[in-house]
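Trainee: Give me a model of this one.
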Amino acid sequence: MVKGGRPRPVVTSTSIGRTSRTPRYTAHVSGSGAKTVSVALCTYNGEAFVGDQLRSILDQETPALEVVISDDGSTDGTLAIIDDVTKGYPGPTDIRLTHTTRVGGVTQNFDRAIGACRGDVVALCDQDDVWEPRKLSVLGQQFVDAPPHRLVFSNASLIDETGTRLPGTLHDSLRLGRRERTELRAGRAFDLLIRRNVVTGAVAAFSRDLYADAAPFPPSWVHDEWLAIIASAIGEVVLVDETLVHYRLHSANQIGISDPGVASRIGRMLGKRGDRYSRLKTRADDLVRGLERLSTPGPLLALAQRKLAFEEARAAYPKARLSRITPIVRECARGSYSHLSSQRRLDMIRDLLQPA
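Mentor: This is a model prediction of the structure:
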């Protein structure tokens, strides 16, 4: 239900903005390989912020071919606000509401939104951020005469619920340091992403060629991190070190960044293991299976297989802490913690101290 008390009908593909001729990336972009860009916007009970986000997309210096909106069964005024913003929109961007039924998850919702996109490039979009007017022109430039299977991502400033600027940036919160930036610039994104994800969908865009090979998304992975690691294995991941999005932090974020304090980190380290290691093993197994069906270079597939062996070993650590010392030292000597774990030495301590 939405405001007004009337249920929304199921919409399979409805154009709610004015459709004009197909825009090309020619303004602000040099080169002969201009691309059309679709924006995949997923919504769910986002009435507080979706209007600002949608307006920032429609105000881009270089317009998108289309905005494809997939709604996960919102029960608030989200769809009414989308109608209000797009009503009478005079620009060239086609705005299409493709789904309004509940699919039950961010990744599943993005999957169907991306699948409905027609552009050469897809820019992912959360419902609660605000884009800089030059975002699509800057990111679009990265796909001119570019090889297939490319994914690019930028940085973002941080804002609160009122739109007030917060200290730091998205990459600061993700602790994306000098060493990791060097890996990205040197074309070693896979080495980084197999340890941990640093690509947030809200600042990412990718070629449709990538989605064709990355789909379907395995349940153990979130859509943006899966697209990024597949791109790093069969294509390339490019860091655009500019702030192109205002990334909103608020209490209703379904997924996103967090910056836990020292007490929280210690709590995680000493909390029960639960099914954490089983989940890590499943993710590693899904990655190996995904890479095996693609044209993945041998060294990268071998690294993914090594990651799987490491996660299998961690999942099999004994319940008794003292009995874990030998296998943990063994994995350390193999370089597993240095090259395959997200927190490296801290993960060693965590694996040793966590109660079963």
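Trainee: isn't R185 right up against V240?
Mentor: No: R185 lies out of contact with V240 (CB atoms under 8 Å); the separation is 11.3 Å. C-beta coordinates here come from the backbone N, C-alpha and C atoms, glycine included.
Trainee: Between these two, tell me which one has more neighbours.
Mentor: Under the neighbour definition other CB atoms under 10 Å, R185 and V240 were set side by side, and V240 has more, 18 against 12.
Trainee: if I look at the more buried one, how far off is V198?
Mentor: 13 Å (CB to CB, to the nearest Å).
Trainee: what do you get for F143?
Mentor: F143 is 20 Å from V198, by CB to CB.
Trainee: Also L280?
Mentor: Taken as CB to CB, the span from L280 to V198 is 17 Å.
Trainee: More neighbours: which of these two?
Mentor: V198 (23 against 20).
Trainee: Per-residue pLDDT of L270, please?
Mentor: What the model reports as pLDDT for L270 is 60.
Trainee: repeat for E236
Mentor: Confidence score, pLDDT, at E236: 96.
Trainee: list the contacts for it?
Mentor: Neighbour list for E236: 147, 149-151, 187, 189 [criterion: CB atoms under 8 Å, 6 or more residues apart in numbering].
Trainee: Out of these, which is nearest to T43?
Mentor: L151 (22.8 Å; CB to CB).
Trainee: in a strand, that's where that closest one is, yeah?
Mentor: Yes: L151 forms part of a strand when assessed by DSSP: H, G, I helix; E, B strand; the rest coil.
Trainee: That one: how many residues sit nearby?
Mentor: 28.
Trainee: Surely it and L239 touch.
Mentor: No: using CB under 8 Å, L151 is not in contact with L239, being 10.2 Å away.
Trainee: returning to that earlier point: just the buried ones from the contacts of E236, in ChimeraX syntax?
Mentor: The following ChimeraX line selects those of those that are buried, judged by 16 or more other CB atoms under 10 Å:
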select :149,150,151,189
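Trainee: can you count the residues close to R178?
Mentor: With other CB under 10 Å as criterion, R178 counts 7.
Trainee: ok, now the one 10 residues further on?
Mentor: Around R188 sit 14 other residues, with neighbours defined as other CB under 10 Å.
Trainee: got it, and V103?
Mentor: V103 has 18 neighbouring residues, counting by other CB under 10 Å.
Trainee: do N45 as well
Mentor: 17.
Trainee: Also H250?
Mentor: 13.
Trainee: W131 touches V245, doesn't it?
Mentor: Yes: counting by CB under 8 Å, W131 does reach V245; the two are 5.7 Å apart.
Trainee: Please name the strands paired to the longest strand along the chain in the sheet, noting orientation.
Mentor: As assigned by DSSP state E, the longest strand anywhere in the chain is strand 236-248. Here strand 236-248 is paired, per DSSP bridges, with strand 130-131 (antiparallel), strand 150-159 (parallel).
Trainee: can you put the ones you listed in TSV and add mean pLDDT and distance to R112?
Mentor: Formatted as TSV, the strands paired with strand 236-248 follow (pLDDT from 0 to 100; distance: least, CB to CB, whole Å):
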stretch	mean pLDDT	distance to R112
strand 130-131	98	22
strand 150-159	98	20
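Trainee: who wins for proximity to T169 among these?
Mentor: Across these, closest to T169 is strand 150-159 (CB to CB), at 5.3 Å.
Trainee: Now for D84: which residues touch it?
Mentor: Here D84 is in contact with G51 (CB under 8 Å, 6+ apart).
Trainee: Okay, and it sits in which element?
Mentor: helix 78-86 (DSSP states H and E).
Trainee: Show the subsequent helix or strand relative to that helix.
Mentor: Helix 78-86 is succeeded, C-terminally, by strand 94-99 (DSSP H and E).
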